[in-house]
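*Asks:* Next one to model:
(chains A and B)
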Amino acid sequence: MINLLAGAFIIAGLLFFLAGTVGLLRFPDIYSRLHAVTKADNAGLGLLAVGIALLADTWRLVLLIALLWMVAVIASSVACHLVARHHLREEDQG
Amino acid sequence: MMALFDVVLVFTLVLLAWRCVTVTDVFRAIVVFIVIGLLLGLAWARLEAPDLALAETAIGAGLLGVLLLGTWRALDAGERHACGHHRAPVPARWLAGIGSAGFGLAMLVALTSLDGHPGGAGELALNNLDAAGTEQPVTAVLLNFRSYDTLLEMGVVLMALIGALLCRAALTYQPRAEDVTVDTPLVPVLVTAFAPAVLLMGVYLVWAGTHSPGGAFQGGATLAGAGVLLVLGGRLHGVPHTALITRALLILGTVVFTAAGLLLIPLEGAFMAYPADFIYPIMLVIEYSLALSIALSLLLLFTGTHGLRRGES
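*Replies:* Numbers count the residues shown, from 1 in each chain, chains lettered A, B, ... in the order given. Alright, predicted model coming up:
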């Protein structure tokens, strides 16, 4: 039962990654690309983390996975913000 | 299942390597190079060599990537264009291609004929782990069985830094104001949240080197990564002169390593032989001194300056 649930979470997470990657490749400008890659990948990573945490043997491992997920989410949000801001400034300058 | 993963990994690596050398945009080449470093780390992990995986990710992908991006930022638009569009003459390209192919084939032959025969150096080292003061084979080899190599490597790191700083002085690049000023509230928060965690991880990796994968080089690179974060966040600034404490920290690893080897000669009768009872603390002191020197050297390579001072913010 737990295996099925974990599998469902992992597959859902991978679908989000797939959607994010398609968005990154197909969307027209940098803002919508950033939107696709950060939002979809963060959701995908969260689902993936939940799936793997369900399969983990110890609580220590679950906490480590949660920590990893949090670090990745914070880093990617800030990186997205910086890339978008840099691009906005270059547009302003001409 | 894992075989499929390995095949995909290998093909992706080859494809990225090809992209890295054929792409004309320097920035793209750098990004591809960083991705190669991360995937190589994954490949080492699959080969059950976590020490190399850590080193490759921290140094190959992380710090080398940051250094390349820093160099890219120092180039002006014309230089960036010239880097990507400069083509070597045809004979030179053929020579490089044939040379690389020959080297690859020779490596293939050499690696496939390695069978880890009994009585080799690897088995000898594993059988003598007790004498090395550490349960971790890689650390034992680096700091004890082959300590000359590690000592010389520290010399190489120091020489590389001195050479880079001498060359860097000739460059006209000065960090622009907008590169340094941080006007978004997110960056200081990120630095405040991540820098202590990365520092802790670096310190842990050095300590972990005595009993599990990790060690001075991986830990030192991680500490340098925390330093890079502080520099980019405006908490540390490069300054054009070297403080005494900076010089002391730069040579600390080499000095402690050599001193430990020399001072114990009267007791042990040989250079770099350590008394069995105190081997663990000696290893730990050497590891941490090496890591500090490595971290500071790598960080100064990144800032390209002779020293550092604390920023205002």
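
*Asks:* alpha carbons only for contacts and neighbour counts from here, please
*Replies:* Noted.

*Asks:* Show me what residue of the stretch 101-250 of chain B gets nearest to chain A.
*Replies:* Distances between the stretch 101-250 of chain B and chain A by Cα to the nearest Cα are smallest at B:Leu186, namely 6.5 Å.

*Asks:* Please state the offset of stretch B:28-43 from the chain centre?
*Replies:* Averaging C-alpha positions (Cα atoms, centre = their mean, to the nearest Å) puts stretch B:28-43 14 Å from its chain's average.

*Asks:* Name the residues of it that are buried.
*Replies:* Residues B:29-43 are the ones in stretch B:28-43 that count as buried (16 or more other Cα atoms under 10 Å in any protein chain shown).

*Asks:* near chain A at all, it?
*Replies:* No: applying Cα under 8 Å from any Cα of the partner chain, one finds stretch B:28-43 out of contact with chain A, separated by at least 14.5 Å.

*Asks:* For that stretch, give the mean pLDDT please.
*Replies:* Mean per-residue pLDDT for stretch B:28-43: 93.

*Asks:* before we move on, what about stretch B:221-238?
*Replies:* On average, the pLDDT along stretch B:221-238 is 86.

*Asks:* for chain B, what are the nearby residues on chain A?
*Replies:* When proximity is defined as Cα under 8 Å from any Cα, chain A approaches chain B at A:Ile74, A:Ala75, A:Val78.

*Asks:* Close to chain A: what parts of the stretch 101-250 of chain B are there?
*Replies:* Residues of the stretch 101-250 of chain B lying close to chain A (Cα under 8 Å from any Cα) are B:Leu186, B:Val187, B:Leu190.

*Asks:* Might you report the residue contacts of the first one?
*Replies:* Spelled out, it's B:Leu186. Counting by Cα atoms under 8 Å, 6 or more residues apart in numbering or on different chains, B:Leu186 makes contact with A:Val78.

*Asks:* which regions of the chain lie under the pLDDT threshold?
*Replies:* You didn't pick a chain, so chain A it is. Within chain A, the segments meeting pLDDT under 70 span A:94.

*Asks:* think we crossed wires, I meant chain B
*Replies:* Scanning chain B for pLDDT under 70 picks out the ranges B:84, B:115-123, B:129-135, B:169-183, B:276, B:312-313.

*Asks:* Now tabulate the residues of the stretch 101-250 of chain B next to chain A in a markdown table and tack on secondary structure.
*Replies:* Converted to a markdown table, these look like this (DSSP: H, G, I helix; E, B strand; the rest coil):
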| residue | secondary structure |
| --- | --- |
| B:Leu186 | helix |
| B:Val187 | helix |
| B:Leu190 | helix |
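
*Asks:* and which of those residues is nearest B:Asn127?
*Replies:* Nearest to B:Asn127 out of these is B:Leu190 (Cα to Cα; 46.3 Å).

*Asks:* distance of the closest one from A:Val83?
*Replies:* 15 Å (Cα to Cα, to the nearest Å).

*Asks:* ditto for B:Gly209
*Replies:* 36 Å.

*Asks:* what does A:Leu25 give?
*Replies:* If you measure A:Leu25 against A:Val83 using Cα to Cα, the figure is 17 Å.

*Asks:* before we move on, what about B:Ala193?
*Replies:* 20 Å.

*Asks:* before we move on, the earlier item: looking at B:Gly209 and A:Val83, which one has more neighbours?
*Replies:* More crowded of B:Gly209 and A:Val83, by other Cα atoms under 10 Å in any protein chain shown: B:Gly209, with 26 against 13.

*Asks:* State the number of residues packed around the closest residue to the more buried one other than its chain neighbours.
*Replies:* Excluding the flanking residues, the one nearest B:Gly209 by Cα to Cα, 6 or more residues apart in numbering or on different chains is B:Gly215, at 3.9 Å. The tally of other residues near B:Gly215 (other Cα under 10 Å) stands at 32.

*Asks:* Go ahead and confirm B:Gly215 touches B:Ala140.
*Replies:* No: using Cα atoms under 8 Å, B:Gly215 is not in contact with B:Ala140, being 10.4 Å away.

*Asks:* Now do the buried residues in the host helix or strand of B:Leu152.
*Replies:* Following DSSP states H and E, one finds B:Leu152 within helix B:147-170. By 16+ other Cα under 10 Å, the buried positions in helix B:147-170 come out as B:Ser147, B:Tyr148, B:Thr150, B:Leu151, B:Met154, B:Val157, B:Leu158, B:Leu161, B:Ile162, B:Ala164, B:Leu165.

*Asks:* OK, now which residue of chain A is nearest to chain B?
*Replies:* For chain A, Cα to the nearest Cα, closest residue to chain B: A:Val78, 6.5 Å.

*Asks:* Setting aside sequence neighbours, what's the nearest residue to that residue?
*Replies:* What sits nearest to A:Val78 in space, not counting adjacent residues and going by Cα to Cα, 6+ apart, is B:Leu186, at 6.5 Å.

*Asks:* Equivalent analysis for B:Ala216, please.
*Replies:* B:Ala291 (4.5 Å).

*Asks:* Please, which helix or strand holds the one you found?
*Replies:* helix B:279-303.

*Asks:* about what we covered before: in helices only, show me the residues of chain A next to chain B.
*Replies:* Within these, residues falling in helices by DSSP state H are A:Ile74, A:Ala75, A:Val78.

*Asks:* Among these, the buried ones, what's the PyMOL command?
*Replies:* Here is the PyMOL selection string for the buried members of those, based on 16+ other Cα under 10 Å:
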select buried, chain A and resi 74+78
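
*Asks:* Surely B:Ala224 touches B:Ala295?
*Replies:* Yes: at 4.5 Å, B:Ala224 and B:Ala295 qualify as touching, with contact defined as Cα under 8 Å.

*Asks:* Between those two, which is the more surrounded one?
*Replies:* B:Ala224 (31 against 27).

*Asks:* hmm, who's touching whichever helix or strand the more buried one is part of?
*Replies:* Secondary structure assignment for B:Ala224, by DSSP H and E: helix B:216-232. With contacts defined as Cα under 8 Å, 6+ apart, helix B:216-232 is touched by B:51, B:54-55, B:58-59, B:62-63, B:180, B:191, B:195-196, B:198-199, B:201-206, B:209, B:236-238, B:287-288, B:290-296, B:298-299, B:302-303.

*Asks:* Also stretch A:41-50?
*Replies:* Residues outside stretch A:41-50 that contact it (Cα under 8 Å, 6+ apart): A:6, A:9-17, A:20, A:65-66, A:69, A:73.
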